[in-house]
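Student: have a look at this prediction, sequence included:
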Protein chains: 2
Amino acid sequence: MTAAARRLVLTQRPKPGLVPHDSFRIEDGPVPEPGPGEFRVRIEVISLDPAMRGWINDGRSYVAPVPVGGTMRAYAAGHVEQSNNAGYKAGDAVQGLFGAQTHAISSGERVVKINTTLAPLERWVGGLGMPGWTAYFGLLEVGLPKAGETVVVSAAAGAVGSIVGQIAKIKGCRAVGIAGGPEKCRYVVETLGFDACVDYKTGNLAADLKAACPNGIDVNFENVGGDILDTILLQMNTFGRIAVCGLISGYTATTMPEGPRNLRAVLTQRLRMQGLIVFDWEKRIPEAIAQLGAWHKEGHLTIREDVRTGGLDKFVDTLNLLYTSGNNGKLVLKV
Amino acid sequence: MTAAARRLVLTQRPKPGLVPHDSFRIEDGPVPEPGPGEFRVRIEVISLDPAMRGWINDGRSYVAPVPVGGTMRAYAAGHVEQSNNAGYKAGDAVQGLFGAQTHAISSGERVVKINTTLAPLERWVGGLGMPGWTAYFGLLEVGLPKAGETVVVSAAAGAVGSIVGQIAKIKGCRAVGIAGGPEKCRYVVETLGFDACVDYKTGNLAADLKAACPNGIDVNFENVGGDILDTILLQMNTFGRIAVCGLISGYTATTMPEGPRNLRAVLTQRLRMQGLIVFDWEKRIPEAIAQLGAWHKEGHLTIREDVRTGGLDKFVDTLNLLYTSGNNGKLVLKV
């Protein structure tokens, strides 16, 4: 049985809320054989990302939903075991949208080769992987921060937010995080080097944010939405930019969440609010990897993973940590 | 008494809702004398604009609120009566932020000279005035329409919306209006030349809009907000632009209106939502006047005013028509 392959299959679309266990089943099967031009990856770590809740919903989004009966979509990393592709050889460390499974067959499309001497495997699905690329393009291309400006990042201790604030610092901005609880806030300031971090759980967000942003907010990199976005809107400076990367506060809502009541600020302050998906910069991903890798090597970029064990059996429980603020750093599951 | 000047003074900030009569009083006084470098305008028409509801509120906006005890801010047009300014002579027709009064003193700042052979005075506070400039810069600089795209305009029979759709047509787009009632919708299509107009009062907005926009919506020029914006959001195409010019649905709300529940579309479709205020293009207003005037002269731009009489005594009743959908075309008050 140890040679068998396992994959996580979507059994039914979950109702709104946290992901229930019966949305997935594990299927055992033979280890797949790569066809011509293909290679097989033995997956070692799977990335858990907030967007996953959307991927298993029906409805219009930026990618088609995972089909019922299909393998759960996931970024993952591992080593090539067997290859019929001249570009990849057994032993190569790789990262890609390999899915939540133990073995993946790939033609090399959208696959990134990993330098494990620079950082361990799990970091390549985190700060040096998709979350890092999202932070890089989202902040620099949509947020357009200028030196001296104030950048506010929600979910600042998370996989994307932690990188956003550090890039903001590299670019000469004041970086202010929003996170849940004193421990995360301390981490954001003391370890990641943000100028300040506001604990949204104190019930005092508006006043605390104002104190942390005495010159107002020029750029908001938004991962959360809901009340947090509403509070930020009222403190945005004229011509400010809101890069909408995620709206996690609504992902597991069981009733349709309210929209931002302070949308009027978009008008009165002439804000630009723009959504972003990292795939839109797909051709420039090597640039992001090179720059993030260089900053990391030079010590400008602190990256932390929260690596969980238990394999595919623990996928649902681990994923739900994201929606209950239960993780500390980029959430990764060992397979 | 006929030689006396009259002005409309803000007596107190109104509570949320329609504007009550006791928010203003009329003050009589002597006709003011222009000082050095100044001139006096005899005001003939006053522009009623949706933004006025915001100008008399306290709170953060793009201009300071009208002070209690101050003359109500208003665009107006008339003729110069007496001048100590070499740039203006008695008899010149002019337009500017002269206020809701019979006589204004001006130094010429932000004043536009009017060509009354091209269009009557009231049109210069309408389609060739601030609403026209707003449509021109808002659509072209924020909406960025490309030929062949679909542009949806709410309040399409209104002062700004009516111009937006016609410019969209000039630029080779499909122009779809949203307006209240069959009469306005007929006007938008038959007189203004939009490709279609959807009546939001039928309760069938989503389906009707979908039928009118078979290829989805690329640009939304938004004057209304609320449920209309929410419906539009779900039909926006990827990389669509939403130019937020007004949110009139909320201006007279007595409770804080809900925000757009479908904001998630900004993320999934990578929309750009951006607020606009015409003052931001102040230096380019001559360009807008020249272009709008040329289109008007060539017959590409149909402009209609709804001219009301009764002078300053009727200011409040006339203004409230805007928030109850009671006007037909650019609302103007004769003084």
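Tutor: Looks like it came in fine.

Student: going forward, measure contacts and count neighbours with C-alpha atoms only.
Tutor: OK.

Student: got the phi and psi for the residue nearest the centre of chain A?
Tutor: Nearest residue to the geometric centre of chain A (CA atoms, centre = their mean): A:Pro131, 4.1 Å. Torsion angles at A:Pro131 (phi, psi; degrees, to the nearest 10) stand at phi -60, psi -40.

Student: what sits closest to it if chain neighbours are left out?
Tutor: A:Val160 (4.9 Å; CA to CA, 6 or more residues apart in numbering or on different chains).

Student: from chain B, how far out is that neighbour?
Tutor: Per CA to the nearest CA, to the nearest Å, A:Val160 is found 15 Å from chain B.

Student: A:Pro16 now?
Tutor: 15 Å.

Student: ok but that residue is inside a helix, no?
Tutor: No - assigned with DSSP: H, G, I helix; E, B strand; the rest coil, A:Pro16 falls outside any helix and is coil.

Student: list the contacts for the closest residue to A:Ala64 other than its chain neighbours?
Tutor: Closest residue to A:Ala64 apart from its sequence neighbours, by CA to CA, 6+ apart: A:Trp55 at 7.4 Å. A:Trp55 makes contact with A:Val63, A:Ala64, A:Pro65, A:Val66, A:Arg73 under the criterion CA atoms under 8 Å, 6 or more residues apart in numbering or on different chains.

Student: up against chain B, what does chain A have?
Tutor: A:60-62, A:244-247, A:256-277 (CA under 8 Å from any CA of the partner chain).

Student: inside helices: which ones of those residues?
Tutor: Applying DSSP state H to those, the entries found in helices are A:Arg264, A:Ala265, A:Val266, A:Leu267, A:Thr268.

Student: looking at these, state which has the most neighbours.
Tutor: A:Val266 (26 neighbours; other CA atoms under 10 Å in any protein chain shown).

Student: drop anything exposed from the residues of chain A next to chain B.
Tutor: A:61-62, A:244-247, A:257, A:259-277 (16 or more other CA atoms under 10 Å in any protein chain shown).

Student: from the ones in helices among the residues of chain A next to chain B, which is closest to A:Ile289?
Tutor: Using CA to CA, A:Val266 comes nearest to A:Ile289 of these, at 33.3 Å.

Student: shaky segments in the stretch 51-200 of chain A?
Tutor: The stretch 51-200 of chain A contains no residues with pLDDT under 70.

Student: show me where it has helices.
Tutor: Shown for the stretch 51-200 of chain A, the helices assigned by DSSP state H, counting those that start in this stretch span residues A:52-55, A:130-137, A:159-170, A:182-186.

Student: pretty sure A:Tyr75 is touching A:Gln95, no?
Tutor: Yes - contact criterion CA atoms under 8 Å: A:Tyr75 and A:Gln95 qualify, at 7.2 Å.

Student: any shared contact partners between these two?
Tutor: By CA under 8 Å, 6+ apart, the residues touching both A:Tyr75 and A:Gln95 are A:Val125.

Student: please identify which of the two sits among more neighbours.
Tutor: The residue with more neighbours, out of A:Tyr75 and A:Gln95, is A:Gln95; 26 against 22, by other CA under 10 Å.

Student: grab the nearest non-local neighbour of the more buried one.
Tutor: Nearest non-adjacent residue to A:Gln95 (CA to CA, 6+ apart): A:Ala77, at 4.3 Å.

Student: contact partners for the one you found?
Tutor: Contacts of A:Ala77 by CA under 8 Å, 6+ apart are A:43-46, A:93-96, A:98, A:121-122, A:124-125.

Student: partner residues bridging it?
Tutor: Assessed by DSSP bridges, A:Ala77 has beta-bridge partners A:Val45, A:Gln95.

Student: contacting residues for the single nearest residue of the stretch 101-250 of chain A relative to chain B?
Tutor: Residue nearest to chain B within the stretch 101-250 of chain A (CA to the nearest CA): A:Val244, separated by 6.0 Å. The contact partners of A:Val244, taken as CA under 8 Å, 6+ apart, are A:Phe221, A:Glu222, A:Asn223, A:Met273, A:Gln274, A:Gly275, A:Leu276, B:Val266, B:Leu267.

Student: can you tell me which two in these are farthest apart?
Tutor: Longest distance between any two of the contacts of A:Val244 is 13.7 Å, between A:Phe221 and B:Val266; criterion CA to CA.

Student: A:Gly132 reaches A:Val160, doesn't it?
Tutor: Yes - proximity of A:Gly132 to A:Val160 meets the contact threshold set by CA under 8 Å, at 6.1 Å.
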